[in-house]
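Participant: quick one, what's the 3D model for this:
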Amino acid sequence: MPKRFLLFMAAVTTAPVFAVQCDLAGPQSPRDIHLSEGSNPVHFASAPNYNELNLCNIHFHKNAEHRAAAFSVTAHSSPANTGYQCQLSKALAEHEKKPLLTPACDGLQSGDTIEVHWVYSSARVSPGPGLGSCVSTASANPDLRVEAQVFTLVNDTGALNFTEMTRIVQRHGRYQSNEIPHDSGEPVRYLGSTTGPSYSQHQCSPYQVSWSVRPDCRKLDIHSLAKWCEDNPFNEHQAHGVRQLVIDAQQLSTIDD
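Facilitator: Numbering: from 1, shown residues only. The predicted model follows:
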């Protein structure tokens with residue numbers, strides 16, 4: 001599908017709500033990143049590496065939207081669209097899974113799994129809320145890349161610090177996140193779409209996204225995430241929902257080795 005849909009999104013800051021019939025759509029997300037098969041006929045050029053693009057948004061989903069060996073435990077918090085939990089979330093030390101007196105980010109607790117999305121754009125934009133922050137009047141149809149990392153939340157201030165990790169910096173004139181985990185396995189790169197519960201196996205996303213999904217889980221200090229939810233430039237205060245895993249090969253791209 002053409003990326004002209006993004007032009008309208010420049011005026012909004014919420015998650016995309018437009019959907020198209022899946023037989024008309026390009027390759028979709030999320031997917032099992034260990035399965036390479038896909039037969040969707042739509043192809044588009046992969047976006048450049050994230051360090052050649054501008055960070056435009058950071059948000060996260062409760063439970064992993066993608067599936068991999070390291071995050072393949074089916075969550076059962078609701079009847080549908082539940083996502084996946086990290087295997088390591090079932091083997092935490094007592095202090096790591098000690099619950100908070102007040103849940104983080106409007107409902108998260110120690111032991112929960114989240115999937116974080118760092119969204120990058122080829123447009124000359126600055127970080128902000130929603131997909132609208134990824135386009136500009138001069139570049140309404142930018143290349144988009146999402147860097148994804150799955151975390152288990154732990155009650156341990158010695159774990160990775162989300163506030164420090166997501167601190168915005170400028171490198172070579174481009175907005176970047178201070179750090180994205182680099183020791184979570186070789187990212188699986190594929191062509192897909194935006195995600196979230198607005199889409200299904202019948203109503204698909206029209207947006208074209210290049211994905212890099214790290215295959216291993218990491219532990220994240222839940223206190224640092226709670227602090228970030230209280231104050232961040234993306235107006236993100238709680239987890240997003242997940243889209244059901246896409247398994248129809250006709251809705252998936254081929255993952256090249």
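Participant: does residue 163 belong to a helix, a strand or coil?
Facilitator: Here residue 163 takes the helix state, with states given by DSSP: H, G, I helix; E, B strand; the rest coil.
Participant: count of neighbours near it?
Facilitator: Residues near residue 163, counting by other CB atoms under 10 Å, number 18. Using the backbone N, CA and C atoms, a C-beta is placed for each residue, glycine as well.
Participant: now residue 88
Facilitator: Other residues near residue 88 come to 18 when the count uses other CB under 10 Å.
Participant: same check on residue 137?
Facilitator: Residues near residue 137, counting by other CB under 10 Å, number 8.
Participant: just to be sure, it is in a helix?
Facilitator: No. Using three-state DSSP, the assignment for residue 137 is coil, not a helix.
Participant: which SS class is residue 226?
Facilitator: helix.
Participant: gap between it and residue 54?
Facilitator: 27 Å (CB to CB, to the nearest Å).
Participant: more crowded one of these two?
Facilitator: Using other CB under 10 Å as the criterion, residue 226 and residue 54 rank with residue 54 on top: 23 against 19.
Participant: most distant residue from the centre of the protein?
Facilitator: Relative to the C-alpha centroid of the chain, counting by CA atoms, centre = their mean, residue 94 is the outermost residue, at 28.6 Å.
Participant: what pLDDT does it get?
Facilitator: Listed pLDDT for residue 94 reads 98.
Participant: likewise residue 184?
Facilitator: pLDDT recorded at residue 184 is 97.
Participant: which helix or strand contains the residue most central in space within the chain?
Facilitator: The centroid of the chain falls nearest to residue 117 when counting by CA atoms, centre = their mean (2.8 Å). Assessed by DSSP states H and E, residue 117 sits inside strand 113-121.
Participant: on contacts alone, who are the packing partners of that strand?
Facilitator: If contacts are counted by 3 or more CB pairs under 8 Å, 6 or more residues apart in numbering; DSSP states H and E, strand 113-121 sits against strand 54-62, strand 144-154.
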